[in-house]
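J.: fold the following for me, if possible:
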Amino acid sequence: MALRGKGMLVVFNEVKPRDERDFNEWYNREHIDERVNLPGFHRARRYVAVRATPKYLATYECNGVSDLAAPGYLALLANQTPWTQAVMARFTHFNRMTLRMQIDQTHGVGGAITVVRFVPDPARRRELLEWLRGTALPRAVKRPGMLGAAAGENDLEIANAPMQQKSMDHPRADEVEWVVLLEGAEAAATSATARLLFKPSALKPFGVEATPVIGTYRLLYGNQR
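T.: This next block holds a predicted model:
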């Protein structure tokens, strides 16, 4: 089964150890369900780090990236529940990305995911897409233990819409970052695949100057409708 739409919100966050119990209860009992029931949203999943920083990752799949700047969604961000306000006030790290999904070669739901983040040269976008679609992701999916792969680019206008609405979601995004999601049955498979296929030398032809950020997570909870 493919992704549930062409848009995805990806959130990285973390709290102090003493706040984790309430943080996890909030995510599992309120936040995921609240988001899944918004118009245009279909599935949400959250993960904890196996080898990654920040410690927690959440993904939210929607019809399109425009759902992440829709009036109803922005109104919810600007009028958080008391529990949400209390939990978010304790975040020690928070980064959100609003992805326009460009490639979807996923299949089912795996127990682990590795996220690869990098900033390419916008002038080499076409070549990057061709490489991801025709070479890198098909190779990833064929490796033992792998179940699927997808890639998307952060839409800056959508990513910064909550700031324009003066909601609690921040910080501002200033460059077009790409995200590759490698999904598998186990963390060892997704991590090994990421480090084999997304070495700095493999991304250099697309203008990626910094070493890609690679993080591996295991599934904690998900819901869908």
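J.: buried ones in the lengthiest helix in the chain?
T.: Longest helix in the chain by number of residues (criterion: DSSP state H): helix 187-197. Across helix 187-197, burial judged by 16 or more other C-beta atoms under 10 Å covers Ala187, Ala189, Thr190, Ser191, Ala192, Thr193, Ala194, Leu197. Yep, even glycine has a C-beta here, placed from its N, CA and C like the rest.
J.: how much space between the closest residue to the second one other than its chain neighbours and Tyr221?
T.: Which is Ala189. Nearest in space to Ala189, with sequence neighbours left out and distances taken as C-beta to C-beta, 6 or more residues apart in numbering, is Gly145 at 2.9 Å. With distances taken as C-beta to C-beta, to the nearest Å, Gly145 is found 22 Å from Tyr221.
J.: and if you look at Ser66?
T.: 27 Å.
J.: more neighbours, the two?
T.: Using other C-beta atoms under 10 Å as the criterion, Ser66 and Tyr221 rank with Ser66 on top: 18 against 15.
J.: lowest confidence element among the helices and strands of the protein?
T.: helix 161-164 (a mean of 59; mean pLDDT, DSSP states H and E).
J.: next SSE downstream of that helix?
T.: strand 178-184 (DSSP states H and E).
J.: list of residues touching stretch 62-69?
T.: For stretch 62-69, contacts defined as C-beta atoms under 8 Å, 6 or more residues apart in numbering pick out 4-9, 38-42, 73, 98-100, 155, 157-158, 161.
J.: contacts for stretch 117-131, please.
T.: So stretch 117-131 is contacted by 102-103, 175-180, 198, 203, 205-210, 212-214 (C-beta under 8 Å, 6+ apart).
J.: ok, stretch 190-197 next?
T.: In contact with stretch 190-197 (C-beta under 8 Å, 6+ apart) are residues 50-51, 110, 112-114, 116, 136, 139-140, 143, 145-146, 180, 182-184, 214, 216.
J.: make it 10 Å
T.: 50-52, 110-116, 132, 135-137, 139-147, 149, 180-184, 186, 202-203, 212, 214-218 (C-beta atoms under 10 Å, 6 or more residues apart in numbering).
J.: what about that stretch, average pLDDT?
T.: Confidence over stretch 190-197 (mean pLDDT, whole number) is 98.
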